[in-house]
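> sequence and predicted structure, then a few things I'm wondering about:
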Amino acid sequence: MLRICVPATTANLGPGFDCLGMALALYNYLEVIEDDSDCLRLEVRGEGEKTLARNDENLIPRVMADFFTRVGHVSGGLRLVLENNIPIGKGLGSSAAAVAGALVAANHLAGSPLTRGQLLELGAAWEGHPDNVAAALYGGVVVTARAQERIICRRFDPPPRLRVVVAVPNFVLPTSASRRVLPAAVPVEDAVFNVGRTGLLVLALLQNDLELLAVATEDRLHQPYRAPMIPGLLQVFQAARQAGALGVTLSGAGPAVVAFVTGEEDSVGEAMCRAFRAHGVACRTQVLAPSREGAFLVGADSGQ
Ligand code: HSE
């Protein structure tokens, strides 16, 4: 029996569209039991237990089956138990966690033929962008770039005092819908705006220079276009800053919002919720530490 633990992730971190990500200490668990049957049994607990497919249309068995085909592994029957804590369709990397968990599990079952870098290539192909899945596989803060057919990824540990206040609105925004509103081209001054901030953001997190986050989390590449789809977003940003957040951004494609703080208290979360509520949106908040760990095997028992 295998048990894989996979973190939630927040992508972009403001200006680093499709390139930066951070793992968060909120985890999904995937249990995999191989047997002699040739069938798939899938159980879902927690987030998605009423909505996720329980057959081979579920993302996890699809990713595992594709992996096995690629590496030429013949698997037995599979019993999968998903214990989901990451909200679905909110921009917190639930699909990246499914993909990363499936890849790590399948790789282990096949005798670990692929490196983590190769798992990232596969995961990014499933996701369409590498930022969430890189953070889900490597943990910490990740910087990714595509170079020809390859993905370059480096990770580093987040500042120890950093906490992430996550405000999760009660509506779902599919990533595909949130990407459709993005323009095909942007003004060069907006690109320059983001290039400088992305560099500053990496330095702020690497050097624990958290005051930089106010400027370094600003963005002109995606948030302005997505804001109309998230009622009150700009007011939520403002409320977070006024309540003392060091920086605040949309989490990935949204609709969740993440604010960076250094304390455990949730006054920033309360302020964000009030601002969402003023726009007719109910939300819940959580203060999370970043996760240094990417997807990992909690326990392996060959059962033999
Ligand atoms: N970088 C992706 C986007 C993340 O912003 O669309 C999706 O979670």
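Now that the structure is in, tell me what you want to look at.
> drop to CA atoms for contacts and neighbour counts, all remaining ones
Will do.
> which SS class is V258?
At V258, secondary structure determined by DSSP: H, G, I helix; E, B strand; the rest coil is strand.
> give me the neighbour count for it.
33 (other Cα atoms under 10 Å).
> what residues are bridge-paired with E43?
V81 (DSSP bridges).
> ok, it touching V81?
Yes. Counting by Cα atoms under 8 Å, E43 does reach V81; the two are 4.7 Å apart.
> confidence score at the closest residue to the ligand within the stretch 1-150 of the chain?
Residue of the stretch 1-150 of the chain nearest the ligand, by Cα to the nearest ligand atom: D18 (3.6 Å). pLDDT, D18: 97.
> any stretches of the protein with poor pLDDT?
For the chain, the stretches with pLDDT under 70 are 300-304.
> quick check, the biggest helix by length in it touching the ligand?
Scanning the chain for the helix with the most residues, using DSSP state H, yields helix 188-206. No. Shown here: helix 188-206 not in contact with the ligand (Cα under 6 Å from any ligand atom), separated by at least 13.6 Å.
> mind listing what's buried along that helix?
Buried residues in helix 188-206, defined by neighbour count with 16 or more other Cα atoms under 10 Å: A191, F193, N194, R197, T198, L200, L201, V202, L203, A204, L205.
> residues contacting I86?
Contacts for I86 (Cα atoms under 8 Å, 6 or more residues apart in numbering) come out as A8, L26, Y27, N28, E47, L92, G93, S94.
> mind doing that once more with 6 Å?
For I86, the contact set (Cα atoms under 6 Å, 6 or more residues apart in numbering) comprises S94.
> and D66, backbone torsions?
Torsion angles at D66 (phi, psi; degrees, to the nearest 10) stand at phi -60, psi -40.
> ditto for R154
Torsion angles, degrees, to the nearest 10, at R154: phi -130, psi 140.
> tell me, how many residues neighbour it?
14.
> okay, and the beta partners of it?
Going by DSSP bridges, R154 forms beta bridges with V143.
> ok, now how distant is it from R116?
R154 is 12 Å from R116, where distance means Cα to Cα, to the nearest Å.
> so which bits of the helix or strand containing F68 are buried?
For F68, the host element (DSSP states H and E) is helix 59-71. Buried residues in helix 59-71, counting neighbours by 16+ other Cα under 10 Å, are found at L59, I60, P61, V63, M64, A65, F67, F68.
> what's the closest of these to I88?
Nearest to I88, judged by Cα to Cα, of these is L59 at 12.8 Å.
> quickly find the element holding A167.
strand 163-169.
> ok, that strand: who's next to it in the sheet?
strand 257-261 (antiparallel), strand 283-288 (antiparallel).
> could you identify which of those strands is most buried?
Greatest average neighbour count among these goes to strand 257-261 (a mean of 28), per mean count of other Cα atoms under 10 Å.
> can I get stretch 276-290 in CSV? Just the C-alpha atoms.
Provided in CSV are the C-alpha atoms of stretch 276-290 (Å, rounded to 0.1, in the frame of the first residue of the first chain):
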residue,chain,number,x,y,z
PHE,A,276,-16.0,39.9,-0.5
ARG,A,277,-19.3,39.9,1.5
ALA,A,278,-19.9,43.6,0.6
HIS,A,279,-20.0,42.3,-3.0
GLY,A,280,-22.3,39.4,-2.3
VAL,A,281,-19.7,36.7,-2.1
ALA,A,282,-19.4,34.5,1.0
CYS,A,283,-15.9,33.2,1.7
ARG,A,284,-13.9,31.2,4.2
THR,A,285,-10.3,31.9,5.2
GLN,A,286,-7.4,29.9,6.5
VAL,A,287,-3.9,30.9,7.6
LEU,A,288,-1.4,28.5,6.1
ALA,A,289,2.3,28.1,6.3
PRO,A,290,4.2,27.4,3.1
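> what lies in contact with it?
Taking contacts as Cα under 6 Å, 6+ apart, the residues outside stretch 276-290 that touch it are 23-25, 163-170, 231-232, 269, 273.
> in ChimeraX, select just the buried ones from these.
This is how ChimeraX selects the buried members of the contacts of stretch 276-290, with burial counted by 16+ other Cα under 10 Å:
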select :23,24,25,163,164,165,166,167,168,169,231,232,269,273
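> count the neighbours of the residue of the stretch 1-150 of the chain closest to the ligand for me.
Other residues close to D18 by other Cα under 10 Å number 19.
> what helix or strand does it sit in?
Per DSSP H and E: nothing holds D18, as it lies in no helix or strand.
> pretty sure it is touching G128, no?
No. In this structure D18 lies outside contact range of G128 using Cα atoms under 6 Å: 9.4 Å.
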